[in-house]
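Participant: with the input below, show me the fold.
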Amino acid sequence: MRFLSIYKTPERATPPTAEEMATMGKLIEEGRRAGCSRRKAACPRH
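Facilitator: Alright, predicted model coming up:
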């Protein structure tokens, strides 16, 4: 089974904050440790 995790914020011209990056990193690490996360990739913007 595959899942797509989408992190959305209001449109802005700045990159994600350190806190936002840490939150996503924690989610990815939890998935990896549970054996659920094998690949990560960015989705292209449209």
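Participant: all contacts plus neighbour counts: C-alpha atoms, from now on.
Facilitator: Noted.
Participant: below-threshold pLDDT in the protein: ranges please.
Facilitator: Filtered on pLDDT under 70, the chain yields the residue ranges 1-3, 5, 7, 9, 37-46.
Participant: so where do the helices sit in it?
Facilitator: 18-33 (DSSP state H).
Participant: burial count for Arg33?
Facilitator: Around Arg33 sit 10 other residues, with neighbours defined as other C-alpha atoms under 10 Å.
Participant: typo on my end, it should be Pro10
Facilitator: 5.
Participant: ditto for Lys26
Facilitator: By other C-alpha under 10 Å, neighbour count at Lys26 equals 12.
Participant: how close does it sit to Ala34?
Facilitator: Per C-alpha to C-alpha, to the nearest Å, Lys26 is found 12 Å from Ala34.
Participant: next: Met24.
Facilitator: Distance of Met24 to Ala34, computed by C-alpha to C-alpha: 15 Å.
Participant: could you do Gly25 as well?
Facilitator: With C-alpha to C-alpha as the criterion, Gly25 and Ala34 are 14 Å apart.
Participant: which one's more surrounded, Met24 and Ala34?
Facilitator: Met24 (15 against 9).
Participant: kindly provide the distance from the more buried one to Ile6.
Facilitator: Taken as C-alpha to C-alpha, the span from Met24 to Ile6 is 10 Å.
Participant: Glu20 now?
Facilitator: Distance from Glu20 to Ile6, by C-alpha to C-alpha: 13 Å.
Participant: which of these two has more residues huddled nearby?
Facilitator: Taking other C-alpha under 10 Å, Glu20 and Ile6 do not tie; Glu20 has more neighbours (13 against 9).
Participant: how about the more buried one, what does it touch?
Facilitator: Contact analysis of Glu20 by C-alpha atoms under 8 Å, 6 or more residues apart in numbering lists nothing.
Participant: quick check: it vs Lys8, distance?
Facilitator: Taken as C-alpha to C-alpha, the span from Glu20 to Lys8 is 11 Å.
Participant: one more: Arg33?
Facilitator: For Arg33, the distance to Lys8 - C-alpha to C-alpha - is 24 Å.
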